[in-house]
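K.L.:
Sequence isn't available, so here's the structure alone:
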C-alpha cells in the first residue's frame, strides 16, 4: 500500500538574537511540545480553579426539579415546589439544565457533578483560546490571560444553569469571530447558521439567553460600519435565532423573566438580600484580579483603537459586560469570558516585537516560565478560606440531619424555612405535600407581601408575628449560623409559642407548642439551649456562674452531639463548660473534636493554654500559631506564643 504523503508544514522561524544580547521571540507552533505542555498546565490550573467545595444551596432545587421532570415525564406547568403556591401556574425556565443534571447526579454522585464543572470549564476556555488564536493571539501570553480569566470565572462554576450557558457563549464568540475573519465564507451554508441551535439551547437552559441574541447584533453593527460582506445573512440568522428562542415548552413567559427582573424584581428586598444580585464586592475579588482586568481591558482597547482603528465588536462587548458586572456580581464570569480573547489578542499585539533576555531563548524556557507564572498568579485565589479546594459538597449547606429528625419524629405541616434551605427540603421530601417548603431558592415564586415580610422578620418581631398570622406555621427551619444583623432566632427564643427540638451546625428546627406538633415539643424540646446567637453568647457566662444551670446545659449539649455528626458548636460549648468543671483532659477532647468539624475562634488558643499548663510546649506553639494564622495576632497571643517558644528552647538546652 503506498505511503500517504505528509502534509506540508509552514517553516518555523527561530528566535533572533540581537547585538545587545536580547532575543526577539518567534511564534511557537500549536503542535510544538513546549506549547502543548504549557497548555496542559493552564488546563490543570483551570480545573483546579473550578474545584472548590460546592456550597451553593440552589443545587438541591435543581436536582429536585430535574428528578420531578423525569418522574412526571414532562415539565410541570404548575407549582409543585412550595406549599403556599401549590397548584398555581408557574414557569420552569431552565428545564434543559435540570433534565441533564439529574441523571448525572444519579449515575455519578458528587464526582459526576465535578466532572460537569471540569468539562464545561475546559470547553469554555478551549473555545476562547481557539477564538483568541484565530484573532492573532498566538503567543504564550494568551495562556496566562486565560488562566487569569479562569480565576474570575471560577466563582460561577457552581452547578447552576449558567454552567451550560457559558460554553454556549464561548461557542457563539468562536463562530462569530471566525466568520468575521473570513473563515468558511466560501462554504455553501453560512457558518452563522450554527447560532440558531445555540440560541434554542440557551433559551431553554438559562435566562441569560438574551445575551446570546445581543452579541450577534454587535457583530452585525460591526459589519455595517466596516461595510463588510455578509451583513444581510447575519441579520437573517439573528432573526431566526430570536424566533427559535420562542420554541420553549412553557412559551413566552419563560423568555419574559429577565425583563421582569429588570422592571419589577430588581429592587425587591428579598432579591437584593441574595448575594449574586448585589453590586460587585471589590474586596472579595482582589485575589482573582477582577478589578485590574476591569481597568486593563479598556486600556488595551484604547491603545488598539489608536494603533489600528475601531473594533466595534470589542468596544460594544466591553461596554455591555462592564456595565452588567458593575451592577451585579452575577455577571463577573461573563465579563471574564468576553474579555479573554480580546485582551489576549490586544496584549499579544502590544507585546509583538518585544525583547526577552537570552535565558528565555527557545520555546521550552518560555513555556516553563508561562507554566510557572500561571500557577503563581492562581495561588492567592486558590488559598481563599471561603472557597477551599476539595471534591465534596459542604455539609453545612444542607439541613440533612434536621430532615432526618423530621422523618423520625414525623414533623410535618405548614413549614416556615429560610430561602436557602428550601431546595434541600424539596429534594428530601418531594412529592410529600405535608413537608414542602414555604419558600425555595427562587423567590420570584413567592408573593410580594410574603417577600417583604420575610425580610422584615429577620429584625422585626412584629413582622414575624404578622407573617405567622398569615400562614399559621407548624414548624420553623432556620440556619444555625445567621448572617450579621439577623435576630429571628432570638425573636423565636422570646416567644413561648415555639420550642427548639433540634440543632446542629447546619440548621435548627423549632415546632409550635400548641399545634399538631405538641407531642414533638413535649418530648424533644431544649429547655436551656437557645436558638438565637445572642442568647447562646449569654449562656456561657451564666453557666460559669451557676453550676446547676451548667449541668443541665451540658446534658442538653450531649443530646445535641448525639443527634448529628455535624455539631462542632455543641462540642465547642461542651469543652468550655468542662473547663469550668476543671476537667481539662475531657475539655481538650471536645475542643479537638469541634475543630475536626469546623473552625471556632479561640479554640486553638484554649488548646494552646492547656498545652502550656501541661508543659507540652511544642503542641502549645502549634496551636497558638494556628490561632494567629486564622484570626490575627494580638499582644496576648504573642505573649503566650513567646512562652511556648521559650519552653521549647529550654527543653532543647536541657537535653544532653
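P.N.:
Happy to help now that I have it. Only a predicted model underlies this, so the values are computations on that prediction, with no experimental measurement involved. Numbering: from 1, shown residues only.
K.L.:
contacting residues for the closest residue to residue 398 other than its chain neighbours?
P.N.:
Nearest non-adjacent residue to residue 398, counting by Cβ to Cβ, 6 or more residues apart in numbering: residue 424, 4.7 Å away. The way it works is simple: take the backbone N, C-alpha and C, and place the C-beta from them, glycine included. By Cβ atoms under 8 Å, 6 or more residues apart in numbering, the contact list for residue 424 reads 57, 60, 397-400, 403.
K.L.:
Helix or strand: which one has residue 424?
P.N.:
Element membership of residue 424 [criterion: DSSP states H and E] is helix 419-429.
K.L.:
Could you give me the buried positions within stretch 369-388?
P.N.:
Neighbour counts over stretch 369-388 (16 or more other Cβ atoms under 10 Å) mark 369-371, 373-374, 377-378, 381-382, 387 as buried.
K.L.:
Now for the closest residue to residue 237 other than its chain neighbours, how many residues are close by?
P.N.:
Leaving out its chain neighbours, the residue that sits closest to residue 237 by Cβ to Cβ, 6+ apart is residue 192, at 4.4 Å. Counted with other Cβ atoms under 10 Å, residues neighbouring residue 192 total 25.
K.L.:
confidence score at residue 192?
P.N.:
Listed pLDDT for residue 192 reads 91.
K.L.:
so who does it touch?
P.N.:
Per Cβ under 8 Å, 6+ apart, neighbours of residue 192: 175-176, 179, 216, 230, 233-234, 237.
K.L.:
got those as CSV, with pLDDT and distance to residue 67 columns?
P.N.:
Formatted as CSV, those follow (pLDDT from 0 to 100; distance: Cβ to Cβ, whole Å):
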residue, pLDDT, distance to residue 67
175, 96, 34
176, 95, 37
179, 92, 40
216, 95, 35
230, 83, 45
233, 91, 43
234, 93, 40
237, 94, 36
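K.L.:
Tell me which helix or strand residue 83 sits in.
P.N.:
Here residue 83 is covered by no helix or strand, with elements defined by DSSP H and E.
K.L.:
Check what pLDDT it gets.
P.N.:
We have a pLDDT of 95 for residue 83.
K.L.:
before we move on, what about residue 487?
P.N.:
Note for residue 487: predicted pLDDT of 89.
K.L.:
Equivalent analysis for residue 124, please.
P.N.:
97.
K.L.:
ok, it to residue 43 distance?
P.N.:
Here residue 124 is placed at a distance of 12 Å from residue 43 (Cβ to Cβ, to the nearest Å).
K.L.:
Give me the below-cutoff pLDDT ranges for this protein.
P.N.:
Residue ranges of the chain with pLDDT under 70: 1-26, 184-186, 272-273, 275-277, 353-356, 484, 656.
K.L.:
quick check: longest helix of it.
P.N.:
helix 95-135 (DSSP state H).
K.L.:
ok now whichever helix or strand comes after that one, how far from the chain's centre?
P.N.:
Next helix or strand after helix 95-135 toward the C-terminus (DSSP H and E): helix 141-153. Centroid separation for helix 141-153 versus its chain: 18 Å, with Cα atoms, centre = their mean, to the nearest Å.
K.L.:
Packing partners of helix 141-153?
P.N.:
Secondary-structure packing of helix 141-153 (3 or more Cβ pairs under 8 Å, 6 or more residues apart in numbering; DSSP states H and E): helix 33-49, helix 95-135, helix 290-308, helix 332-351, helix 363-382.
K.L.:
okay, the ones you listed, which one's buried deepest?
P.N.:
Across the helices and strands packed on helix 141-153, averaging neighbours per residue (mean count of other Cβ atoms under 10 Å) puts helix 332-351 on top, at a mean of 24.
K.L.:
That one vs helix 290-308, what angle?
P.N.:
On the basis of axes from the mean of the first three to the mean of the last three Cα atoms, to 10 degrees, helix 332-351 is oriented at 40 degrees to helix 290-308.
K.L.:
Report all helices and strands that helix 332-351 contacts.
P.N.:
helix 95-135, helix 141-153, helix 162-180, helix 290-308, helix 312-327.
K.L.:
Direction-wise, compare the shortest one with helix 33-49 and give the angle.
P.N.:
Helix 141-153 and helix 33-49 are oriented at 10 degrees to each other (the same axes, to 10 degrees).
K.L.:
How about the third one?
P.N.:
For the pair helix 162-180 and helix 33-49, the angle between their directions (the same axes, to 10 degrees) equals 150 degrees.
K.L.:
Give me the distance from the helix or strand that helix 162-180 is followed by to the chain's centre.
P.N.:
Per DSSP H and E, the first helix or strand lying C-terminal to helix 162-180 is helix 195-203. Taking the mean of its C-alpha atoms, helix 195-203 sits 25 Å from the chain's own mean (Cα atoms, centre = their mean).
K.L.:
Pull out the buried positions in the next helix or strand after helix 195-203.
P.N.:
Moving toward the C-terminus from helix 195-203, the next helix or strand (DSSP H and E) is helix 209-225. For helix 209-225, the neighbour count (16+ other Cβ under 10 Å) marks 209, 211-213, 215-216, 218-220, 222-223 as buried.
K.L.:
give me the number of residues near residue 651?
P.N.:
Per other Cβ under 10 Å, the neighbour tally for residue 651 reads 12.
K.L.:
Which strand or helix spans it?
P.N.:
Per DSSP H and E, residue 651 falls inside helix 635-654.
K.L.:
what does residue 62 give?
P.N.:
Here residue 62 is assigned to helix 58-72, by DSSP H and E.
K.L.:
residues making contact with that helix?
P.N.:
Contacts for helix 58-72 (Cβ under 8 Å, 6+ apart): 75-76, 80-81, 92, 94-95, 97-103, 105, 113, 158-161, 393, 398, 422-424, 426-427, 430-431, 440-442.
K.L.:
so how far is it from its chain's centroid?
P.N.:
Here helix 58-72 shows a centroid-to-chain-centroid distance of 20 Å under the convention Cα atoms, centre = their mean.
K.L.:
again, but for stretch 537-557
P.N.:
Relative to its chain's centre, stretch 537-557 lies at 38 Å (Cα atoms, centre = their mean).
K.L.:
Next, count neighbours for the residue nearest to residue 606 when sequence neighbours are not counted.
P.N.:
Once flanking residues are discounted, residue 606 sits nearest to residue 591: 6.1 Å by Cβ to Cβ, 6+ apart. Neighbourhood size, residue 591 [other Cβ under 10 Å]: 26.
K.L.:
and residue 298, what does it touch?
P.N.:
Contact analysis of residue 298 by Cβ under 8 Å, 6+ apart lists 318, 322.
K.L.:
could you measure it against residue 342, distance?
P.N.:
Distance of residue 298 to residue 342, computed by Cβ to Cβ: 11 Å.
K.L.:
which residues are common contacts for these two?
P.N.:
Common neighbours of residue 298 and residue 342 (Cβ under 8 Å, 6+ apart) are residue 318.
K.L.:
Might you report the residue contacts of the nearest residue to residue 177 once chain neighbours are set aside?
P.N.:
The shortest distance from residue 177 to any non-neighbouring residue, by Cβ to Cβ, 6+ apart, is to residue 131 (5.1 Å). Listed by Cβ under 8 Å, 6+ apart, the contact set of residue 131 reads 170, 173-174, 177-178, 341.
K.L.:
Got the domain ranges for this structure?
P.N.:
25-55+91-382, 395-525, 535-654 (automatic domain parsing).
K.L.:
Could you dump these into JSON lines with distance to residue 68 added?
P.N.:
Converted to JSON lines, these look like this (distance: least, Cβ to Cβ, whole Å):
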{"stretch": "domain 25-55+91-382", "distance to residue 68": "9"}
{"stretch": "domain 395-525", "distance to residue 68": "7"}
{"stretch": "domain 535-654", "distance to residue 68": "28"}
